[in-house]
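Asker: For reference, the sequence and a predicted model appear below.
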Amino acid sequence: MFNYTTVKTGLSGLIGFKNPRDPNIPGLDTGLNTTSSGRYMDSFHPMITNDNLEKIAPDFDGAGYDAYVATATYLIDNYVLSSGIAWMSKTDANVGNTPAVGSYWQTAFSDWLDESYDQAVDKIFSRLSVHKKLVQASKTYLDNVQLFDGTHRNSDTITASGRFVGFEIELRKANNIKAVVDRIGLRFTEAQTDLTLYLFHSAKNTAVATATVTTTSGYNFEWKTPVDWDLPYVNYANNIDAGGKWYIGYFEADITGNALNKNYDFSGSPCGGCGSNDEYYFNLWSKYLTIKPIQVTTLNGTDLFDISKVGYNWTQNWGLNVAFSVKTDFSEMSVNNKNLFTEPLGCQFAVDMLETMAYSGNTRVNSTAVNASNALLALTGTEGNKGMSERLEMYINGLAEDFADISPVLSTEKRRLKGGAL
């Protein structure tokens, strides 16, 4: 339902953090100051200030990190102490750069705020994923269906000749769906050791993903599970252009032996009404996907080939079978409507911080500024005044209602987006 990498990237910088007012305290990383909504975290509750947040953050300055050494080489995520403040390296090969806010270093406190922001995003989308309203409205259109059924004859071999071979896949045009490659099946005359399978998109020069697979013996069919092989119709965060084509396959130069072919014709329905399993599967996946077997002889190393040179061979499957699911995907819709998340995200972050103030026994709390009872009261509210926990619940309910109504793949009814204060 959601791609967490996409939504975290898309919502980064939606709400900002203000720099400390004290000029003696290092400023935050510049990325944390960004606010595309114009809102800052301290506007969601008076207790969410840098001063209070520093008191509930881990004690980085007292964590015993080594002192900064000007001649030492630091890698990304290495920590040092400089002038009594903990800093984290933002780059590899970081040498001779005195810790200061900029391109090479950020305070450990900035890194903690960044992680806390991402955790708040995770929680928002985790709650949306299990929300009754959204679950009822969303669909899995196709669940783990393979291209075809049956076996290959051992005599039906395909002689390798240095091509890229596999499948061209085109999704039906709908912005909020994606295909997911659940499994890839392989059958070759010999066992394959560390064979690289490639996932290309016509809008990107290099592979979107690869999977390295090993099979146990020749002539046996084996299913393999690639990790995170999602094929959206469009993905703005990852620069996947709308209306492009996906390519799944391998370079024949990488295989041992030859592929075994399945007697199957991809040019249309397998048997025109015979009622076979192959026809059953075709009628399922062809509603959402167009799949064509391809071969490419003019290659560009392991980068994307010239797609104008793609040749189609309707009766070859190149020793491959693929099992797909087709699902709704709200990730792009979330990024495109990210201002809907301003209030819920700010409220979620505030709730997380207030819960730490109220319940953590390890906080370095200044009783004149922050105390557990004040934080608990902010969470629960008072009679006639909603607490932050209740406000968050209302925001989540509102988001689920909006998303169930505005997505074209979920509903033909597009009601006006809700607004107004809680």
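Answerer: That came through, no problem. These numbers come from a predicted model, not from an experiment.

Asker: What is the end-to-end distance of stretch 248-257?
Answerer: One end of stretch 248-257 to the other measures 20 Å (Cα to Cα, to the nearest Å).

Asker: Check what contacts it and list those residues.
Answerer: 160-167, 169, 181, 184, 188-193, 195-200, 218, 294, 299, 302, 318, 320, 322 (Cβ atoms under 8 Å, 6 or more residues apart in numbering). For glycine as for every other residue, the C-beta is placed from the backbone atoms N, C-alpha and C.

Asker: Buried residues of it, list them for me.
Answerer: 248-252, 255 (16 or more other Cβ atoms under 10 Å).

Asker: go on, stretch 55-64?
Answerer: Neighbour-count burial for stretch 55-64 [16+ other Cβ under 10 Å]: 55-57, 60-61.

Asker: what residues are up against Arg163?
Answerer: Counting by Cβ under 8 Å, 6+ apart, Arg163 makes contact with 251-252, 295-297, 299.

Asker: Which of those fall within strands?
Answerer: Applying DSSP state E to the contacts of Arg163, the entries found in strands are 251, 295-296.

Asker: which strands and helices sit next to the longest helix seen in the chain?
Answerer: Longest helix in the chain by number of residues (criterion: DSSP state H): helix 108-129. Under the contact definition 3 or more Cβ pairs under 8 Å, 6 or more residues apart in numbering; DSSP states H and E, helix 108-129 sits against helix 4-11, helix 30-33, helix 50-56, strand 85-89, helix 342-359, helix 388-406.

Asker: hang on, the earlier thing: using a markdown table, please lay out the ones in strands among the contacts of Arg163 together with distance to Asn154.
Answerer: Below are the ones in strands among the contacts of Arg163 laid out as a markdown table (distance: Cβ to Cβ, whole Å):
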| residue | distance to Asn154 |
| --- | --- |
| Phe251 | 24 |
| Gln295 | 22 |
| Val296 | 27 |
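
Asker: Columns pLDDT and distance to Phe109 on top of those residues, output as JSON lines?
Answerer: Below are those laid out as JSON lines (pLDDT from 0 to 100; distance: Cβ to Cβ, whole Å):
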{"residue": "Phe251", "pLDDT": "98", "distance to Phe109": "48"}
{"residue": "Gln295", "pLDDT": "97", "distance to Phe109": "56"}
{"residue": "Val296", "pLDDT": "97", "distance to Phe109": "52"}
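
Asker: Near the residue lying closest to Lys292 once chain neighbours are set aside, how many other residues are there?
Answerer: Spatial nearest neighbour of Lys292, chain neighbours left out: Glu168 (4.6 Å); criterion: Cβ to Cβ, 6 or more residues apart in numbering. Glu168: 20 surrounding residues under other Cβ atoms under 10 Å.

Asker: So Glu168, which state does it fall into?
Answerer: Per DSSP: H, G, I helix; E, B strand; the rest coil, the secondary structure class of Glu168 is strand.

Asker: residues in contact with Ser37?
Answerer: Here Ser37 is in contact with 14-15, 339, 342 (criterion: Cβ under 8 Å, 6+ apart).

Asker: Which of the residues you listed fall in helices?
Answerer: If you go by DSSP H, those have Thr342 in helices.

Asker: and the least confident of the contacts of Ser37?
Answerer: pLDDT across the contacts of Ser37 is lowest for Asn339, at 92.

Asker: how about the CA coordinates for the helix or strand where Met333 lies, as CSV?
Answerer: Following DSSP states H and E, one finds Met333 within helix 331-336. Extracted in CSV, the C-alpha atoms of helix 331-336 (Å, rounded to 0.1, in the frame of the first residue of the first chain):
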residue,chain,number,x,y,z
SER,A,331,2.9,6.4,-2.2
GLU,A,332,2.9,8.8,-5.1
MET,A,333,-0.5,10.2,-4.1
SER,A,334,0.9,10.8,-0.7
VAL,A,335,3.8,12.8,-2.0
ASN,A,336,1.6,14.7,-4.4
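
Asker: Measure how far that helix is from the centre of its chain, please.
Answerer: Taking the mean of its C-alpha atoms, helix 331-336 sits 12 Å from the chain's own mean (Cα atoms, centre = their mean, to the nearest Å).

Asker: in it, what counts as buried?
Answerer: By 16+ other Cβ under 10 Å, the buried positions in helix 331-336 come out as 331-335.

Asker: Switch the residues you listed over to TSV; also include pLDDT.
Answerer: Listed next are these as TSV, based on pLDDT from 0 to 100:
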residue	pLDDT
Ser331	78
Glu332	74
Met333	77
Ser334	84
Val335	84
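
Asker: Going by distance to Gly387, which of the residues you listed wins?
Answerer: The nearest member of the buried residues of helix 331-336 to Gly387, counting by Cβ to Cβ, is Ser334 at 26.3 Å.

Asker: so who does the nearest residue to the closest one once chain neighbours are set aside touch?
Answerer: The spatial neighbour of Ser334 that comes closest, neighbours along the chain excluded (Cβ to Cβ, 6+ apart), is Val7 at 5.1 Å. Contacts for Val7 (Cβ under 8 Å, 6+ apart) come out as 121, 125, 331, 334-335.

Asker: Recalculate using a threshold of 10 Å.
Answerer: 121-122, 124-125, 128, 237, 330-335, 338, 341 (Cβ atoms under 10 Å, 6 or more residues apart in numbering).

Asker: repeat for Ala323
Answerer: Neighbour list for Ala323: 142-147, 180-185, 223, 225, 281, 285 [criterion: Cβ under 10 Å, 6+ apart].

Asker: distance of the residue nearest to Lys292 from Ala179?
Answerer: From Glu168 across to Ala179, the span is 13 Å (Cβ to Cβ, to the nearest Å).

Asker: Same check on His45?
Answerer: Distance from His45 to Ala179, counting by Cβ to Cβ: 42 Å.

Asker: higher neighbour count, these two?
Answerer: Ala179 (26 against 21).

Asker: Spatially nearest residue to the more buried one, not counting backbone neighbours?
Answerer: Nearest residue to Ala179 in three dimensions, chain neighbours excluded: Leu231, at 4.2 Å (Cβ to Cβ, 6+ apart).

Asker: Quick check: the one you found touching Val181?
Answerer: Yes: the pair Leu231 / Val181 is scored as a contact, 6.9 Å apart, by Cβ atoms under 10 Å.
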